[in-house]
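> generate a structure from the sequence data that follows.
(2 chains)
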Amino acid sequence: MTLLEQFQLWLGSIWPGWAAYIVPAIVGIVIVIVFLLAMVIVFIWYERRLIGRFQIRLGPNRLGPEGIFQPIATTVKILLKEDIVPAKGDKVLHWLAPIIVFVPVLMVFAVVPFGERAILTDLNVGIVYVVAISSVSAVGIYTAGWASNNKYGLIAALRAIAQMVSYELPVVLAIVGVVLMAGSLSMTQIVASQNIPFLILQPLGFIIFFLGTVAEMNRSPFDLLEADSEIVAGYHIEYSGVKFAMFFLGEYGHTLAYSCIITTLFLSGWQGPLLPPIVWFLIKVFAVFSVIVWMRATLPRLRVDQLMAFAWKGLLPMAVINLFMVAAEVLWLSEFTPWLLVAVNFVFAGVLVLLWSRLFTLGGGRVEV
Amino acid sequence: MKFERYGIGIAKGMALTFKHLFRPPITVQYPEQKLNVSRRIRGNELVWFQDKCTGCATCAKSCPQGNIAVVTHVGSENNYVVDKFEIDTGRCMFCGLCVEACPFDALAMGRSYERAQYRRRQLVLSKEELQLSEVRQPSGYARPKIEATLPKQSLLIYGGMKEGGQKLSWLGLSKKRGRGV
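Prediction:
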């Protein structure tokens, strides 16, 4: 029973039924929104500081202690800007797009387990819900690009759809590997089954899932749909003011959501010694986010064809093979010690990555993907 | 087996950026931290030596802008006594012609580059303001005698740290800081 359900039961004993039903729901929503906003502000600050350190700079450090209030100033600046709608754009869709992008991100947090019982609702199909809901953002991005009546916006929108469709497959197949090993679709069950984190148990699945989600949250090096050097700002080129802030929030919220999902699926979520569960959870989320920032600081942006080739020729076959491997292990090797699985899987992951990187080598008179 | 072709490049790149985390930041946080400048720099200020000045007003004549105002009267020993020596640094372009023209080495360029003011009137520097002081030091520009007295210095950021050179902390975090204005 989650904390919220317990609260609801307790409230039901003193308040009428309908109030006991609505009030915990509102409390839960407020908690999630506050968590999201606070974490997004911290994420923006953290990313700017960290990317500064990667580039031997300092990053924002003036406003408040260590520049922690800089994102707030940025937000205020963005919110105060004039809201401009393109004259020939689709007014209604232009207004609707930021909401379609942002709301699914918020909804993902309904099934993120922050602690053993600290989860908004413990759906028994939690991970399927996440996959279904998080893809809806792509519709919002497409709507934004379409409604802007801007060629760059439309190009970005088409890229977003292509990217989302391509990377959804390996991500889902990697999730199936996790689900096979955990034996449940519920997020809390998946966390509870990870005495050894699935990062160690399924390194290849983690790599596939991580790269796939980085591509889905449109971050560097897969940030083709806002590639500034090619298509200016991509789908939010015609957005300003509050609507742009929504996109900004949605983007970072997406990153936060997927950091949480990665933590839940592969880093054993809130589990950990000594410290309270929520602290462990946040530490892991920040660790995942740091790696994402690290990738952004290092890797150059992929070309469009490279992006597609990486999904269809690289991640997807590897994900299928990984899935069969995990299924075979669960079927025949489950009674042995898990450390045997770890060893097998690490060797397997190394060999497979080597084999597949053969596809993406340069040279041989052939300079392309 | 050449691992160069098996994605090792990505690992190398990631390792490189990771190493950057442990390097001191290049950033110089200007109002609090300042880089050393050469003492031979032709800075944005002028230094006037009252004892050397004879009031001949050669500097005023050489100034292309006519910024220098010199007013004198005849003293007891048949010399000029300088009543007023004013330079409007707001209009000055620091070409250094006055310094080069002075026959008695009574003017020199300074070292500082921070001479902004809030009011234009404050940019017109009087006789007292132009004189040698703690913050108003002459540079070696066009003054070989002054240059000979200047110590040797290093401008390297990671230099010897003794004379010149600047130590930058690993994470130049905001410890103590004024308002910056």
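
> so which residues make contact with the lengthiest strand in chain B?
What stands out as the longest strand in chain B, according to DSSP state E, is strand B:80-88. Outside strand B:80-88, the residues that touch it by CB atoms under 8 Å, 6 or more residues apart in numbering or on different chains are B:46, B:48, B:50, B:53-56, B:65, B:67-75, B:123-127, B:130. To be clear about C-beta, it is placed using only N, CA and C from the backbone, and glycine gets the same treatment.

> now with 7 Å?
For strand B:80-88, the external contacting residues (CB atoms under 7 Å, 6 or more residues apart in numbering or on different chains) are B:46, B:48, B:53-55, B:67-75, B:123-127, B:130.

> quick one: strands adjacent to it?
Sheet pairing for strand B:80-88, assigned by DSSP bridges, gives strand B:68-74 (antiparallel), strand B:124-125 (antiparallel).

> deepest in the core, which of the ones you listed is it.
strand B:124-125 (a mean of 20; mean count of other CB atoms under 10 Å in any protein chain shown).

> next secondary structure element downstream of that strand?
helix B:144-149 (DSSP states H and E).

> C-alpha coordinates for that following helix, PDB please?
C-alpha atoms of helix B:144-149 as PDB (Å, rounded to 0.1, in the frame of the first residue of the first chain):
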ATOM      1  CA  PRO B 144      63.400  54.600 -20.600                       C
ATOM      2  CA  LYS B 145      64.400  55.900 -17.200                       C
ATOM      3  CA  ILE B 146      61.300  54.700 -15.500                       C
ATOM      4  CA  GLU B 147      61.400  51.400 -17.400                       C
ATOM      5  CA  ALA B 148      64.900  50.700 -16.100                       C
ATOM      6  CA  THR B 149      63.600  50.800 -12.600                       C
END
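
> buried stuff in it?
By neighbour count on 16 or more other CB atoms under 10 Å in any protein chain shown, the buried set for helix B:144-149 is B:Ile146.

> could you give the mean pLDDT of that helix?
Helix B:144-149 shows a mean pLDDT of 82 in the predicted model.

> so what touches that helix?
Contacts with helix B:144-149, where a contact means CB under 7 Å, 6+ apart, come from B:Arg40, B:Asp105, B:Ala108, B:Pro138, B:Gly140.

> change it to 6 Å
For helix B:144-149, the external contacting residues (CB atoms under 6 Å, 6 or more residues apart in numbering or on different chains) are B:Pro138, B:Gly140.

> repeat that for stretch A:192-212.
A:167, A:170-171, A:174, A:177-178, A:182, A:266-268, A:315, A:318-319, A:322, A:338, A:342, A:345-346, A:349.

> repeat the analysis, applying 7 Å as the threshold.
Against stretch A:192-212 from outside (CB under 7 Å, 6+ apart): A:167, A:170-171, A:174-175, A:177-178, A:181-184, A:262, A:265-268, A:271, A:315, A:318-319, A:322, A:326, A:338, A:341-342, A:345-346, A:348-349, A:352.

> make a PyMOL selection of whichever of these turn out to be buried.
Filtering these down to the buried ones (16+ other CB under 10 Å) takes a single PyMOL command:
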select buried, chain A and resi 167+170+171+174+175+177+178+181+182+184+262+265+266+267+268+271+315+318+319+322+326+341+345+348+349+352
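
> the contacts of stretch A:192-212 in strands, which ones?
Using DSSP E, none of the contacts of stretch A:192-212 sit in strands.

> gap between the residue nearest to A:Leu185 when sequence neighbours are not counted and chain B?
Distances taken as CB to CB, 6 or more residues apart in numbering or on different chains put A:Val125 closest to A:Leu185, at 4.9 Å, once the chain neighbours are dropped. For A:Val125, the distance to chain B (CB to the nearest CB, to the nearest Å) stands at 36 Å.

> nearest residue to the residue positioned nearest the centre of chain A in space, ignoring adjacent ones along the chain?
Centroid-nearest residue in chain A: A:Tyr258, 2.1 Å away (criterion: CA atoms, centre = their mean). Nearest non-adjacent residue to A:Tyr258, counting by CB to CB, 6+ apart: A:Thr213, 4.5 Å away.

> the one you found falls within a helix, correct?
Yes: counting by DSSP: H, G, I helix; E, B strand; the rest coil, A:Thr213 falls inside a helix.

> residues contacting it?
A:Val171, A:Tyr258, A:Ile262.

> could you find the closest non-adjacent residue to the last one?
When you say that, I think you mean A:Ile262. A:Val288 (5.0 Å).

> can you list the weak-confidence ranges in the chain?
Chain wasn't specified; assuming chain A. Per-residue confidence for chain A (pLDDT under 70) gives these ranges: A:359-369.

> sorry, I should have been clearer: chain B.
Using pLDDT under 70, the flagged stretches of chain B are B:1-7, B:36, B:153-181.

> domain map for it?
What automatic domain parsing lists as the domains of chain B is B:22-38+B:153-181, B:46-149.

> point out the most buried one among the ones you listed.
domain B:46-149 (a mean of 16).

> next one: that one to chain centre, how far?
Distance, stretch centre to chain centre, for domain B:46-149: 15 Å (CA atoms, centre = their mean, to the nearest Å).

> which helix in the chain has the most residues?
No chain specified, so I'll use chain A. If you go by DSSP state H, chain A has its longest helix at helix A:17-54.

> my question was about chain B, not that one.
Max-length helix for chain B by DSSP H is helix B:8-20.

> tell me the angle of that one relative to helix A:17-54?
Between helix B:8-20 and helix A:17-54, the angle comes out at 90 degrees (axes from the mean of the first three to the mean of the last three CA atoms, to 10 degrees).

> run a quick neighbour tally on the residue lying closest to B:Thr27 once chain neighbours are set aside.
Distance criterion CB to CB, 6+ apart; nearest residue to B:Thr27, sequence neighbours excluded, is A:Leu58 at 4.5 Å. Applying other CB atoms under 10 Å in any protein chain shown, we find 22 residues neighbouring A:Leu58.

> A:Trp18 too?
8.

> circling back: want to throw the domains of chain B into a markdown table with distance to A:Ser193?
Below are the domains of chain B laid out as a markdown table (distance: least, CB to CB, whole Å):
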| stretch | distance to A:Ser193 |
| --- | --- |
| domain B:22-38+B:153-181 | 38 |
| domain B:46-149 | 64 |
